[in-house]
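J.: I'll drop the sequence and a predicted model, then ask my questions.
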Amino acid sequence: MSLLNKTLEKIEPLNEQMMTVSKERVDFLLKPVGSLGVLEEIAVQISGITGEMYPEIRKKAVLVFAGDHGVFEEGVSAAPQEVTGLMANMTIAGKSGVGALSKQAGADVFVCDVGMLGEVDPKSGILMKKIRKGTANMRKGPAMSYEEAILALETGIDVAERAIRNGYNMLGTGEVGICNTTPSAAIFAVLGDVDPGELTGAGANLSEEKMVNKAQVIRDAIALNKPDKKDAIDVLAKVGGLEIGAMAGVMLAGAAHKIPVVIDGFISTASAAIAIALNPDVKGYLICSHASAEKGAAFGSEFIGAKPFLNMGMRLGEGSGAAIAFNIIECALSMNREMATYGDVGLGVV
């Protein structure tokens, strides 16, 4: 049995019994019921994920996947393609946005090359898992083969399982890949039956004129490749990206091992859509960090049924929102673990 199939078979629904018990305790904490809002929801969800009343986060990591895109040649990005490799190296050095924010959160960052055009310096610390040198131009044919899409998913599973074996029990997903908002919009256009124009945003500061072109490129790619919306792997292969597939693999692995996975913005949400399509129970293991300012992000979050709890006008990607959210999640667990209950002080619930 393949790694992908074994992982999918291991995924179970959240522990509803533990969530019920956890909710009862959270409601009985020394505060008005519901007064700590999202913190209460997070505490109950993580109890359901882990099966523990007082889960503790021992080690946190953001897993960042890097890949390039053949559709770049269609003029869908304002930034040069070389920026992918540059940002991968800046991230591993701790000098990118996610690097700085993860340091503050006490989280480690791992970078994995699944599909960059350039070669990686073996001494850089970047994990070398290159599947191919960039996807093909999806306006001219499938972005990758079906087998490569599966390999992208399995690479994400493998990297996540390596982290889990090393004691990381909360993971965030991140990416670097110039023009990867294009395949992300394409994925949602297919899965959500929506015109790409409603999803296509500025990415790395694309002009209005080029956004119109970007939407048309996606329409053309979908019309040519005819991805099957009932087969998430086919969608990933025809209009997706290698780093998008790898992040979806991390989400599958997290669910299979009962580890919470914090997703970032628009591109991570596209990965989540693929993962949930492969096994709907994955949804319960995902924590959606922030409402990205990217145009299609609100649609994407609604499509997967996620409720981002931060709204900060961010659209950087890289896993930056996940790194910030780690702090909020640990506050939720501290609330549950450290607060007294009404019973502790001899009172009833208020």
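T.: Arrived safely.
J.: G106: what's it in contact with?
T.: Applying CB atoms under 8 Å, 6 or more residues apart in numbering, we find G106 in contact with K60, F326. All C-beta spots, glycine's among them, are computed from the backbone N, C-alpha and C.
J.: Please apply the same query to P142.
T.: A136, N225, A237, K238.
J.: Next up, phi/psi of it, please.
T.: Dihedral pair for P142: phi -60, psi 140, per degrees, to the nearest 10.
J.: how much space between it and V235?
T.: 11 Å (CB to CB, to the nearest Å).
J.: again, but for P196
T.: Distance, P196 to V235, using CB to CB: 14 Å.
J.: Looking at those two, which one has more neighbours?
T.: Each of P196 and V235 has its neighbours counted (other CB atoms under 10 Å); V235 has more, 27 against 22.
J.: Quick check: which ranges of the stretch 251-350 of the chain have low pLDDT?
T.: 349-350 (pLDDT under 70).
J.: Bridged to V111, which residues?
T.: Counting by DSSP bridges, V111 is bridged to V64.
J.: wouldn't it be in contact with G94 here?
T.: No - taking CB atoms under 8 Å as the definition, V111 is not a contact partner of G94, at 10.6 Å.
J.: higher neighbour count, the two?
T.: Neighbour totals were compared for V111 and G94, and V111 leads with 28 against 13 (other CB under 10 Å).
J.: And the pLDDT at the more buried one?
T.: At V111, the model reports a pLDDT of 98.
J.: tell me the contacts of it?
T.: Contacts for V111 (CB under 8 Å, 6+ apart) come out as V64, F65, A66, A88, T91, I92, G125, I126, L127, V176.
J.: burial count for the nearest residue to G67 once chain neighbours are set aside?
T.: Nearest-residue entry for G67: G115, 3.3 Å, with adjacent residues in sequence omitted and distances by CB to CB, 6 or more residues apart in numbering. The tally of other residues near G115 (other CB under 10 Å) stands at 29.
J.: chain center to the worst-scoring helix or strand of the chain on mean pLDDT: distance?
T.: Least confident helix or strand of the chain, by mean pLDDT, DSSP states H and E, is helix 208-225 with a mean of 93. Centre-to-centre, helix 208-225 and its host chain are 24 Å apart (CA atoms, centre = their mean, to the nearest Å).
J.: Now that helix: buried residues?
T.: Neighbour counts using 16 or more other CB atoms under 10 Å place K210, M211, K214, A215, Q216, V217, I218, R219, A221, I222, N225 of helix 208-225 among the buried residues.
J.: I figured the third one hits F72, correct?
T.: In this case it means K214. No - K214 is beyond contact range of F72, at 11.1 Å (criterion: CB under 8 Å).
J.: before we move on, the earlier item: looking at the contacts of V111, which has the most residues close by?
T.: F65 (36 neighbours).
J.: show me the contacts for that residue.
T.: 111-112, 114, 156, 159, 173-177, 242-243, 246-247.
J.: Just the residues you listed: which are in strands?
T.: Mapping the contacts of F65 onto strands (DSSP state E) picks out V111, C112, V114, T173, G174, E175, V176.
J.: what's the closest non-adjacent residue to the second one?
T.: Across the structure, with CB to CB, 6+ apart as the measure, the residue nearest C112 apart from its sequence neighbours is L127 (4.0 Å).
J.: tell me the pLDDT at the one you found?
T.: 97.
J.: number of nearby residues for the closest residue to N15 other than its chain neighbours?
T.: Leaving out its chain neighbours, the residue that sits closest to N15 by CB to CB, 6+ apart is G51, at 4.6 Å. When neighbours are defined as other CB under 10 Å, G51 has 13 of them.
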